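Peer 1: no sequence on this one, just coordinates:
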């Protein structure tokens, strides 16, 4: 009897212990903390110094809130060239570089065939929400996973991932391969659209949003400055035609801009106004509501790219009233968006990071007028001249297809046909390019280790070189120079700090308050988000999580 009692007692103890352990295990599973929602914000063409250039006029709830409540990495650099939109968005979300993820530019040439391809082109899909060619897009050209893909994998695809941007590449590439949806703006219809890669029909909430014709409503407001124009002390005078491009149908680049009469049915004009950012954040709010983002049992992810800053920057340049006003308006829009998320999800229950895909150079004429080095390299004239030299020497027709992405892209079909030595061609090209006053270096991609160039440039060239999608010679211009054909506005694409030094600020759930001045890289963003969420880093990641950011 005693032995039976003891056995029963022992069995009960084992059962009790196992039950307690199971409860602890279940509690531990349930207790793994994660934010309800991650919001990635990429401000297209935002130079790092824009965080501070207009700081005194920012409101408390936008950029200032990010800086004063969040964690800012003050020395974040792009570790590759060329610094362009598609490569930037891809790097942010993959933690990788063009040599691995394959997105070597907005457009790039498939070296084996000579065919130019757009980064998100996909002939196998069709538009959803439109009949235009703008819908024939998907992430299929992207060779690596994104942190958004990894979130889907980590939660057995229970997490929702949505990408939104005026530019197709700004919505598609961050959202990744496994996204629930990506949406982008269709100039032909004025609607937000998607492709059959994601769905066969737009959700009801997107249809409802489009039905309100929000782009037209914004354009009908006209664009004037938020404050008296003479108070924009961080910019050149409003009417600076030597530096700024004007809208078609206007006499000068000057406020007010009567968008209500200028757009004449061309709703795509909204891209080049600050209203494009407002429209994008409106759709982001609608996505939170329509998809019930942040109410899931697992973390959701909203990837938002604000493209209008890039269009405005290209047209007017960094020293324009238009650019300043665009950032002041974006600050207001961000403040309203963060307040909305506070009310919807609860302050501290979501995580935001804000960064940029690249920066921008000062307008070259503006620099010259202020006795600062800079200039415009007419790559079209140089290409014609170089091809003439090569034709005379080798009897080659159009031996170089383009200087796209600051690279020499050879016409391999013609080279093979004429049986010309590629090594001889590269030598002659480099010799010619080094006679150009704008060019600092011309580097054989396959012999970059032998090149007599600074190590920082060597690393950027290597990281940016995709053998399948990149040219064979990298062109590096002198500081302040960029390629182009017009004198107004600006562009980007180089290794220099004005193009490659980007803002990076985290805020919200799991984020410390503080700042960091040591060098970090665009490739570090994805692994930092992965560390925050306790998920695997993307498949091509070469970055390192920024531990100082995380609680």
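Peer 2: Done, it's in. As the structure is a prediction and not an experimental result, all values here were calculated from the model.
Peer 1: what are the phi and psi values for residue 331?
Peer 2: The phi and psi values for residue 331, taken as degrees, to the nearest 10, are phi -60, psi -40.
Peer 1: List the residues that contact it.
Peer 2: Applying CB atoms under 8 Å, 6 or more residues apart in numbering, we find residue 331 in contact with 54, 58, 59, 62, 63, 64. C-betas here are computed from N, CA, C, even on glycine.
Peer 1: please redo it, this time with the cut-off set to 7 Å
Peer 2: 58, 59, 62, 63 (CB atoms under 7 Å, 6 or more residues apart in numbering).
Peer 1: Which pair of the residues you listed spans the longest distance?
Peer 2: Longest distance between any two of the contacts of residue 331 is 8.3 Å, between 59 and 63; criterion CB to CB.
Peer 1: Between those two, which is the more surrounded one?
Peer 2: Regarding residue 59 and residue 63, a neighbour count based on other CB atoms under 10 Å identifies residue 63 as having more, with 25 against 14.
Peer 1: Which pLDDT does the model give the more buried one?
Peer 2: Here, the pLDDT recorded for residue 63 equals 98.
Peer 1: ok, the residue nearest to it when sequence neighbours are not counted to residue 247 distance?
Peer 2: With CB to CB, 6 or more residues apart in numbering as the criterion, residue 63 has its nearest non-adjacent residue at 5.3 Å, and that residue is residue 331. Distance of residue 331 to residue 247, computed by CB to CB, to the nearest Å: 23 Å.
Peer 1: Helices along the stretch 101-250 of the chain, start to end?
Peer 2: 147-154, 168-175, 204-211, 214-219 (DSSP state H, counting those that start in this stretch).
Peer 1: now the third one, how far from the centre of its chain.
Peer 2: In terms of CA atoms, centre = their mean, to the nearest Å, the gap separating the centre of helix 204-211 from the centre of its chain is 26 Å.
Peer 1: try stretch 72-79
Peer 2: Using CA atoms, centre = their mean, the offset of stretch 72-79 from its chain centre is 14 Å.
Peer 1: buried residues in that stretch?
Peer 2: Neighbour-count burial for stretch 72-79, counted by 16 or more other CB atoms under 10 Å, picks out 72, 73, 74, 76, 77, 78, 79.
Peer 1: Domain-wise, how is the chain divided?
Peer 2: What automatic domain parsing lists as the domains of the chain is 37-341+494-549, 375-478.
Peer 1: Identify those among the contacts of residue 331 that sit within helices.
Peer 2: Among these, the subset assigned to helices under DSSP state H consists of residue 63.
Peer 1: Let me know the closest of the contacts of residue 331 to residue 181.
Peer 2: Nearest to residue 181 among these, with distances taken as CB to CB, is residue 62, at 26.8 Å.
Peer 1: And for that closest one, the neighbour number?
Peer 2: 22.
Peer 1: State the distance from the residue nearest to residue 63 to residue 344.
Peer 2: Counting by CB to CB, the gap from residue 331 to residue 344 is 20 Å.
Peer 1: before we move on, what about residue 394?
Peer 2: 64 Å.
Peer 1: Check residue 80 too.
Peer 2: 37 Å.
Peer 1: who has more neighbours, these two?
Peer 2: Ranked by neighbour count (other CB under 10 Å), residue 80 and residue 344 place residue 80 first, with 26 against 17.
Peer 1: List the contacts of that one.
Peer 2: 97, 98, 460, 463, 464.
Peer 1: which one is the first one nearest to, not counting chain neighbours?
Peer 2: Here the nearest residue to residue 97 in space, its sequence neighbours aside, is residue 463; by CB to CB, 6+ apart that works out to 3.9 Å.
Peer 1: How about residues contacting the host helix or strand of that neighbour?
Peer 2: In this structure, residue 463 sits in helix 455-464 according to DSSP states H and E. The contact list for helix 455-464 (CB under 7 Å, 6+ apart) reads 79-82, 97-99, 443, 445, 448, 451, 470, 474, 476, 495.
Peer 1: May I see the buried residues of it?
Peer 2: Neighbour count says helix 455-464 has 457, 458, 460, 461, 462, 463, 464 buried, by 16+ other CB under 10 Å.
Peer 1: right, and out of those, which lies closest to residue 184?
Peer 2: residue 464 (25.2 Å).
Peer 1: mind checking how far the closest one is from residue 457?
Peer 2: Residue 464 is 11 Å from residue 457, by CB to CB.
Peer 1: Then residue 239?
Peer 2: 39 Å.
Peer 1: can you give me the helices for the stretch 401-550 of the chain?
Peer 2: Using DSSP H, counting those that start in this stretch, helices in the stretch 401-550 of the chain cover 412-418, 422-433, 455-464, 497-500, 525-533.
Peer 1: Looking at those, which is nearest to residue 487?
Peer 2: helix 497-500 (18.0 Å).
Peer 1: what mean pLDDT does that closest one have?
Peer 2: Average pLDDT, helix 497-500: 98.
Peer 1: For the residue nearest to residue 63, give its distance to residue 74.
Peer 2: Counting by CB to CB, the gap from residue 331 to residue 74 is 19 Å.
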